[in-house]
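Q: Generate a structure from the sequence data that follows.
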Amino acid sequence: MDRRRFLRSSAALAALGAVEFAPWQAVSAFAREVDDFIRGPVVKDHPLQQLSPHVWMIYSPDGFPTPENQGMMSNLTFVDTPKGLVVLDTGASVQIGEMAIRQIKKQFPGKPVIALVNSHYHGDHFLGNQAFVEAFGELPIYAHPGTIAAIQGMEGNLWRTLMEQWTHQATVGTRVIVPNQPLAHGQELKFGNITLRMHHYGKAHTPSDICVQVVEDGITYVGDVAMDRRIANMDDGSYVGTLKCYDALEQNAASKIWIPGHGKPGPGVLKWNRELFQGIYEPCVAAVEAGQPIEAAKALVLKDPRVAGRAKETAGFDSNIGKYVSLAYLEAEAAAF
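A: Numbers count the residues shown, from 1 in each chain. You can find the predicted model right below:
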């Protein structure tokens, strides 16, 4: 708590007591002051890593939010262009965004951030927007129209609240900054000699995932469409749609490196996820076609070598596999009718 913020918040409280004719506006203004005054702790520095001539990332070793990691659970990716830096997903809090800004200022002194891209509406990918807007002023923040609508609606504040709960308030002070520029499949953003090409192939991890291809570097950021050694959250997604997305990405965005939102980048990210998802979904289809209950489907999934062979290396496997089988079984049932 610094003196400047304390005085500012005290002044806001005094102003609140003096207002007679616009109490609700005063309450809103005071709430904003409180948000600025009460902040969770600083996030420790995580180093930048260079992946290609123009692409850098801050790798997150954790896949899930905890009080210990303060919500640092997803990767942040940066594209270095002649015009400035473009950030692909901004992390789960204003504190994480501020940590990222410290790192890029060390590596790229004097170089501004000129744009943000949010791959989808889960909070660990957009709640850091605030830090970049505070540091660099009004920015174009790109996202699929469905993502913009979701963050403007219930998802924005829902994810802000969830992240505070999961981290025991470490992310307090984070505000929802909604993307302001819609993206379409095939759209290209050019920043000097660097081209970012957008890929959207329907419902995959969510209905509105955007994958970003850095054309000149032969590298694609896939967000949470695919992960490394972690099962993607499929509550809002589709197994069939995700598998179709992998095929389309390999055909239309052939890349030497795929960068996941969680886990390490590499050439085999889509392959690892495809085999795991096939090992979950295909036994569920077989169970539905045979008229077997979901318990039988789960037994088939756990025996499938594509799943059993990945169980030990997959973060959160034991606590999540039951839910993912249920979602796959429901999707297979729906497809059968």
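
Q: domains of this protein?
A: The chain breaks down by automatic domain parsing into domains covering 3-37, 48-267, 275-336.

Q: doesn't Met72 make contact with Thr171?
A: No: assessed by C-beta atoms under 8 Å, Thr171 is found out of contact with Met72, at 10.0 Å. In this view, the C-beta of every residue, glycine as well, is placed from N, C-alpha and C.

Q: Just the buried positions in the helix or strand hosting Ala334, please.
A: Counting by DSSP states H and E, the element that carries Ala334 is helix 317-336. Under the neighbour-count criterion of 16 or more other C-beta atoms under 10 Å, helix 317-336 has 317, 320-321, 324-325, 327-329, 331-332 buried.

Q: what do Thr171 and Met72 both touch?
A: Common neighbours of Thr171 and Met72, counting by C-beta atoms under 8 Å, 6 or more residues apart in numbering, are Ala92.

Q: More neighbours: these two, which one.
A: Each of Thr171 and Met72 has its neighbours counted (other C-beta atoms under 10 Å); Thr171 has more, 30 against 26.

Q: Relative to Leu276, how far out is the more buried one?
A: Separation of Thr171 from Leu276 (C-beta to C-beta, to the nearest Å): 30 Å.

Q: Phi and psi next, for the closest residue to His262 other than its chain neighbours.
A: Distance criterion C-beta to C-beta, 6 or more residues apart in numbering; nearest residue to His262, sequence neighbours excluded, is Met227 at 4.4 Å. Main-chain torsions, Met227, degrees, to the nearest 10: phi -130, psi 170.

Q: residue contacts, Met227?
A: Counting by C-beta under 8 Å, 6+ apart, Met227 has contacts 63, 260-263, 269, 273.

Q: and with 10 Å instead?
A: Going by C-beta atoms under 10 Å, 6 or more residues apart in numbering, Met227 touches 63, 74-75, 205, 233, 260-264, 269, 272-273, 276, 314-315.

Q: list the contacts for the most centrally placed residue in the chain?
A: The residue lying closest to the centre of the chain (C-alpha atoms, centre = their mean) is His125, at 2.7 Å. His125 sits next to 74-76, 88-92, 117-119, 143, 147, 159, 223-224, 261 when contact means C-beta under 10 Å, 6+ apart.

Q: Could you do Thr77 as well?
A: Counted by C-beta under 10 Å, 6+ apart, Thr77 has contacts 51, 55-59, 86-90, 117, 119, 212, 214, 219, 221, 223, 259-261, 265.

Q: Could I get the average pLDDT for stretch 242-257?
A: If you average the pLDDT over stretch 242-257, you get 97.

Q: Make 2 the starting number, not 1.
A: Got it, first residue is 2 now, which makes that one stretch 243-258.

Q: hang on, the earlier thing: and the pLDDT at the closest residue to the residue nearest to the centre of the chain other than its chain neighbours?
A: Of all residues not flanking His126 in the chain, Asp90 sits nearest, at 4.3 Å (C-beta to C-beta, 6+ apart). For Asp90, the pLDDT comes out at 98.

Q: Among the contacts of Met228, name the ones in helices.
A: The helices, defined by DSSP state H, take in 270, 273-274, 277 from the contacts of Met228.

Q: Just say which of the domains of the chain is most tucked in.
A: Of all the domains of the chain, domain 49-268 has the most neighbours on average by mean count of other C-beta atoms under 10 Å, namely a mean of 20.

Q: For it, measure first residue to last.
A: Using C-alpha to C-alpha, to the nearest Å, one end of domain 49-268 lies 20 Å from the other.

Q: secondary structure class for Val223?
A: In three-state terms, and counting by DSSP: H, G, I helix; E, B strand; the rest coil, Val223 is strand.
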